[in-house]
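**Student:** this is a predicted model, with the sequence first.
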Amino acid sequence: MKFLVAAAFAVALASAPAAHADELDQLAHTVCSALDQSPTFATIEAMAEVGFDEGFSGEAMSNILVGSVLNYCPEHTSLLRAYARS
């Protein structure tokens, strides 16, 4: 499952550096879909790993993950907060 989440996220991230609004929207939906399927710390870590592999900084990945959750799937806010505190 972790591989599938990472693969889907990698596809979404591929166009993010030069992203338009539609691409960022797709990226946010990919984040939320991954968390819907597997709301775990491992999923958050898998998405971050893919972002780092694509050249994103830790700050950029934090912004992507937090922005996605806050704007598109706030039901995962408590998971993201727990992860940040761990």
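**Tutor:** Structure's in. What do you need? Numbering: from 1, shown residues only.
**Student:** ok, and for the one helix or strand residue 25 maps to, which residues are buried?
**Tutor:** If you go by DSSP states H and E, residue 25 is part of helix 21-37. Neighbour-count burial for helix 21-37, with 16 or more other C-beta atoms under 10 Å as criterion, is recorded at 23, 24, 26, 27, 28, 30, 31, 32, 33, 34, 35. C-beta here means a position set from N, CA and C on the backbone, and glycine is covered the same way.
**Student:** same question, stretch 59-79
**Tutor:** For stretch 59-79, burial by neighbour count (16+ other C-beta under 10 Å) applies to 61, 64, 65, 68, 69, 72, 73, 76, 79.
**Student:** circling back to that earlier point, which SSE is immediately downstream of the helix holding residue 25?
**Tutor:** helix 41-53.
**Student:** check which helices and strands that next one sits against.
**Tutor:** Judged by 3 or more C-beta pairs under 8 Å, 6 or more residues apart in numbering; DSSP states H and E, the packing partners of helix 41-53 are helix 2-13, helix 21-37, helix 58-72, helix 77-85.
**Student:** now the helix holding residue 25: average pLDDT?
**Tutor:** Helix 21-37 shows an average pLDDT of 86 in the prediction.
**Student:** using a markdown table, lay out the helices and strands packed on helix 41-53 together with distance to residue 44.
**Tutor:** Shown next, in a markdown table, are the helices and strands packed on helix 41-53 (distance: least, C-beta to C-beta, whole Å):
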| stretch | distance to residue 44 |
| --- | --- |
| helix 2-13 | 10 |
| helix 21-37 | 8 |
| helix 58-72 | 7 |
| helix 77-85 | 5 |
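**Student:** hang on, the earlier thing: next one: the helix holding residue 25 to chain centre, how far?
**Tutor:** Chain-centre distance of helix 21-37: 7 Å, with C-alpha atoms, centre = their mean, to the nearest Å.
**Student:** wait, which of the helices and strands packed on helix 41-53 is closest to residue 51?
**Tutor:** helix 58-72 (4.1 Å; C-beta to C-beta).
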